[in-house]
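# Let's see this in three dimensions:
(chains A, B and C)
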Amino acid sequence: MSDRFAGKLLAWYDQHGRHDLPWHFDRNAYRVWVSEIMLQQTQVATVIPYFQAFMERFPDVQALASAPVDDVLGHWSGLGYYARARNLQKAAITIVEDFGGEFPDNPEELETLTGIGRSTAAAIVAQAYGKRAAILDGNVKRVLARYHAIAGWPGQTAVLNQLWEHAEEHTPEERPRDYTQAIMDLGAMVCTRTRPDCESCPLSNGCQAYARGETRLYPGSKPKKEKPEKATWMIIVEDEDGRILLERRPPSGIWGGLWSLPELDPALGADELQEACEQHLGMSCSEPELISGFRHTFSHYHLHIQPARLALTQPSKIADADQHRWFHRDEALVLGLPAPIRTLLTQPEQAALL
DNA sequence: TATGCGTGGGC
DNA sequence: TGCCCAAGCAT
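Okay, the predicted model is just below:
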């Protein structure tokens, strides 16, 4: 059911909306898809340079499907949530092999592709094909929670279901592509998390939170939880050529599938480090030089990273194994690296100062 | 249903 | 500074 809500929003969008984002040009399902995946839990300004570089390197779904995974992760390095990149390529292979290189144009089939859920499927259908489909991202949740004064945290199923109902109800038959962009733009530009600009909002007339002067109460906030503290050793091993040993991380878990510094059991004492390191790597190392550690905060925990530098005392026994490889710093930078590790390699002097 | 998954921005 | 959050999804 299309109502006044959509009409007002579209009129506002024509004047004030964002019409020139990179994925608005040469619009096709592939570009829309990649942009939607990058934009999951990630702000527009952060995504833009990644999207540009990604499209230069992987201009179509065939290029993505046939690329080495390290190359894909390398273009994702620093963007976070790396399962998105792995799922993206997996889905690209499915599209090439099972769909003849053609994107599905309906939400049901799109949702069978890994990494595409209800909202992303709808966004692709609306943005790429101009078909009516309701999205519900963080922006839409905020707009609708305020407009209808829906109490509670959207992580709760009951709250989420209400929001989905309203999202479906407001999405119009006409101009669904513009409407989808419009409601996201409103959430990003006017109905912001803090200090919404209600005076210039086209929907303030019917907004229940605004009528009550309670926009701050919506959407409800997530219940607080204590973040556990974790710790780990990060090992910087250099050989006689100044190359650094990197280790491919397991496919799941934090920084899954990325290249990183080898990790050792945090329970090890500094005096046990050398032996553990030699055992882990199968090579002889010097005594470790401890570098002052730093704390890295994730969504669910704090990680205290304790770097230790060792030098190789014998030539490397590791050939080109699958899990461990020697890299010069500039070589390493084209790999999928976690942001803190990338920083450490780009600014080696930081390792000494940490 | 709850949790794991990254990084940077904003206050 | 520490905390919440952002164009969510998979398990």
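
# Can you name the residues that contact the residue in the stretch 51-200 of chain A positioned nearest to DNA strand C?
In the stretch 51-200 of chain A, the residue that lies nearest DNA strand C is residue A:117 (2.5 Å; C-beta to the nearest atom of the strand). The way it works is simple: take the backbone N, C-alpha and C, and place the C-beta from them, glycine included. Neighbouring residues of residue A:117 by C-beta atoms under 8 Å, 6 or more residues apart in numbering: residue A:111.

# Helices of the stretch 201-350 of chain A, residue ranges please.
A:208-211, A:273-281, A:329-332, A:339-346, A:348-353 (DSSP state H, counting those that start in this stretch).

# and those as JSON lines, adding distance to DNA strand B, mean neighbour count and mean pLDDT?
Formatted as JSON lines, the helices of the stretch 201-350 of chain A follow (distance: least, C-beta to the nearest atom of the strand, whole Å; neighbours: other C-beta atoms under 10 Å; pLDDT from 0 to 100):
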{"stretch": "helix A:208-211", "distance to DNA strand B": "18", "mean neighbour count": "18", "mean pLDDT": "97"}
{"stretch": "helix A:273-281", "distance to DNA strand B": "21", "mean neighbour count": "17", "mean pLDDT": "89"}
{"stretch": "helix A:329-332", "distance to DNA strand B": "14", "mean neighbour count": "14", "mean pLDDT": "94"}
{"stretch": "helix A:339-346", "distance to DNA strand B": "3", "mean neighbour count": "18", "mean pLDDT": "89"}
{"stretch": "helix A:348-353", "distance to DNA strand B": "14", "mean neighbour count": "11", "mean pLDDT": "57"}
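
# can those go into JSON lines with extra columns for distance to DNA strand C?
Listed next are the helices of the stretch 201-350 of chain A as JSON lines, based on distance: least, C-beta to the nearest atom of the strand, whole Å:
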{"stretch": "helix A:208-211", "distance to DNA strand C": "14"}
{"stretch": "helix A:273-281", "distance to DNA strand C": "27"}
{"stretch": "helix A:329-332", "distance to DNA strand C": "25"}
{"stretch": "helix A:339-346", "distance to DNA strand C": "12"}
{"stretch": "helix A:348-353", "distance to DNA strand C": "16"}
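
# Select, out of these, the one closest to residue A:63.
Nearest to residue A:63 among the helices of the stretch 201-350 of chain A is helix A:329-332 (22.4 Å), distances taken as C-beta to C-beta.

# Using PDB, list the CA coordinates for that closest one.
Presented in PDB, the C-alpha positions along helix A:329-332 are these (Å, rounded to 0.1, in the frame of the first residue of the first chain):
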ATOM      1  CA  ARG A 329      56.700  -5.700   3.500                       C
ATOM      2  CA  ASP A 330      55.600  -4.400   0.100                       C
ATOM      3  CA  GLU A 331      54.600  -7.900  -1.000                       C
ATOM      4  CA  ALA A 332      52.600  -8.400   2.100                       C
END
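
# pLDDT (mean, whole number) over the strand or helix carrying residue A:184?
Per DSSP states H and E, residue A:184 falls inside helix A:176-189. Averaging pLDDT along helix A:176-189 yields 97.

# And for that helix, what's in contact with it?
For helix A:176-189, contacts defined as C-beta under 8 Å, 6+ apart pick out A:6, A:9-10, A:12-14, A:16-18, A:44, A:122-123, A:126-127, A:130-133, A:135, A:137-140, A:142-143, A:170-172, A:201-203.
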